[in-house]
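Novice: compute the structure for the input listed below.
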Amino acid sequence: QVQLVESGGGLVQAGDSLRLSCAVSGRTFSSYKMGWFRQAPGKEREFVAGISRSGVSTVYSDSVKGRFTISRDNAKNTLYVQMNILKPEDTAVYYCAADSTPLTTIRVTTGGYNYWGQGTQVTVSS
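Specialist: Residues are numbered from 1 along each chain as shown. Below is the predicted model:
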């Protein structure tokens, strides 16, 4: 069974930075495409960023492109997202997700991922 545990969330001010981490159990982390999603109160869960198995390819939502950077360390079974120039509208619960399918395409919808973490809260004050 795959387990994903996010950490690094917190309360910050607009313009600050945060780095979220997602520790993934198991010996097959490098075989998963990974993604970050977020969900604000009253809104649907939305795609933030995704990364290929090797880490070479990445995809970002337009709302975070240029501010967020997704990365992974396959030796440490850990996924990261560096979030810079945070805005109040970035406030949400952030989830990491794993896609274990053999497809090479990085999925941008929640249905494309079959393992999820419990989430970590990020709050950005103005």
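
Novice: report the secondary structure state of S71.
Specialist: strand (DSSP: H, G, I helix; E, B strand; the rest coil).

Novice: next, count neighbours for it.
Specialist: 15 (other Cβ atoms under 10 Å). The C-beta positions use only the backbone N, C-alpha and C, and glycine is treated the same way.

Novice: same question, R72
Specialist: Residues near R72, counting by other Cβ under 10 Å: 24.

Novice: which residues touch it?
Specialist: 29, 34, 51, 55, 78-80 (Cβ atoms under 8 Å, 6 or more residues apart in numbering).

Novice: ignoring the adjacent residues along the chain, who's closest to Y115?
Specialist: Leaving aside its sequence neighbours, Y115 sits nearest to A98 (Cβ to Cβ, 6 or more residues apart in numbering; 4.1 Å).

Novice: Y113: neighbour count?
Specialist: When neighbours are counted by other Cβ under 10 Å, Y113 comes out with 24.

Novice: contacting residues for it?
Specialist: Contact partners of Y113, counting by Cβ under 8 Å, 6+ apart, are 35, 37, 97-99, 107.

Novice: list the helices and strands the one helix or strand C22 maps to packs on?
Specialist: Per DSSP states H and E, C22 falls inside strand 18-24. The criterion is 3 or more Cβ pairs under 8 Å, 6 or more residues apart in numbering; DSSP states H and E, and the helices and strands that strand 18-24 contacts are strand 4-7, strand 33-39, strand 78-83, strand 92-99, strand 120-125.

Novice: any chance of the ones you listed in JSON lines with mean pLDDT as columns?
Specialist: Below are the helices and strands packed on strand 18-24 laid out as JSON lines (pLDDT from 0 to 100):
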{"stretch": "strand 4-7", "mean pLDDT": "98"}
{"stretch": "strand 33-39", "mean pLDDT": "98"}
{"stretch": "strand 78-83", "mean pLDDT": "98"}
{"stretch": "strand 92-99", "mean pLDDT": "98"}
{"stretch": "strand 120-125", "mean pLDDT": "98"}
